[in-house]
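A.B. asks: need coordinates for the following:
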Amino acid sequence: MSRIGNAPITIPEGVEINVQGNHISVKGPKGTLEREVNHKLTVAVEDGKVIVKRPNDETEMKSLHGLTRTLINNMIIGVKDEFKKELEINGVGYRVQKQGNDLNLSLGFSHPVIYKAPAGISFDVPNPNSIIVKGIDKELVGQTAAEIRTKRPPEVYGGKGIKYSYEVIRRKEGKTGKK
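C.D. replies: The predicted structure is shown next:
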């Protein structure tokens with residue numbers, strides 16, 4: 001029995017949910033999100049709660065049950081509040097600047113790296129060594145943060161690169177000479 005899938009989702013005030021077959025749209029103060037769910041699952045809105053039901057107990061349906069419920073819950077949280085990921089830049093001369101909606105990253109290359117913001121994503125640059133990626137779509141926020149991180153992943157010897165704010169980089173010792 002799926003514990004996550006069976007839990008009903010309470011619809012907060014100011015959020016509207018429209019279910020038409022397997023198409024779900026969620027509208028809130030921050031924006032609107034839409035998603036197609038598996039046609040075998042049924043999604044119903046009853047008494048201010050969203051309930052996801054599965055037709056049988058096959059393994060695939062059990063997996064989709066919890067997943068669908070979580071995706072709908074993330075949509076509701078995203079349109080009510082916002083999701084954000086924080087990145088830190090470490091290294092001498094490594095910095096970031098905001099140019100309009102895009103980021104200008106100086107990461108030790110011979111050229112600056114320009115990262116264009118996807119639709120629905122905004123960047124905050126509180127200081128030259130940190131980036132905050134914000135948006136209503138949790139999946140897109142995580143993907144954007146991961147793409148920025150790949151421009152210069154943290155390295156274990158010097159600790160230079162872009163990392164998540166909660167990430168811990170285990171440092172390695174360098175080579176030692178003959179004694």
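A.B. asks: got the contact list for Glu60?
C.D. replies: With contacts defined as CB atoms under 8 Å, 6 or more residues apart in numbering, Glu60 has no neighbours. C-beta: built from backbone N, CA, C; applies to glycine.
A.B. asks: and with 10 Å instead?
C.D. replies: Asn38, Lys40, Arg54 (CB atoms under 10 Å, 6 or more residues apart in numbering).
A.B. asks: so how far is Asn18 from the last one?
C.D. replies: With distances taken as CB to CB, to the nearest Å, Arg54 is found 21 Å from Asn18.
A.B. asks: next: Ile121.
C.D. replies: From Ile121 to Asn18 the distance is 24 Å (CB to CB).
A.B. asks: please say which of these two ends up with more neighbours.
C.D. replies: Under the criterion of other CB atoms under 10 Å, the comparison of Ile121 against Asn18 puts Ile121 first, with 18 against 12.
A.B. asks: so how far is Leu105 from the more buried one?
C.D. replies: Going from Ile121 to Leu105 by CB to CB gives 15 Å.
A.B. asks: so how far is the longest strand anywhere in the chain from its chain's centroid?
C.D. replies: Longest strand in the chain, counting residues (DSSP state E): strand 83-90. Its chain's average C-alpha position is 11 Å from that of strand 83-90, according to CA atoms, centre = their mean, to the nearest Å.
A.B. asks: mean confidence score for that strand?
C.D. replies: Strand 83-90 carries an average pLDDT of 96.
A.B. asks: which other helices and strands contact that strand?
C.D. replies: strand 95-99, strand 121-124, strand 130-135, helix 138-149, strand 161-164 (3 or more CB pairs under 10 Å, 6 or more residues apart in numbering; DSSP states H and E).
A.B. asks: same list (these) but as TSV, adding mean pLDDT and distance to Ile4.
C.D. replies: Converted to TSV, those look like this (pLDDT from 0 to 100; distance: least, CB to CB, whole Å):
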stretch	mean pLDDT	distance to Ile4
strand 95-99	95	37
strand 121-124	95	27
strand 130-135	96	24
helix 138-149	96	16
strand 161-164	95	25
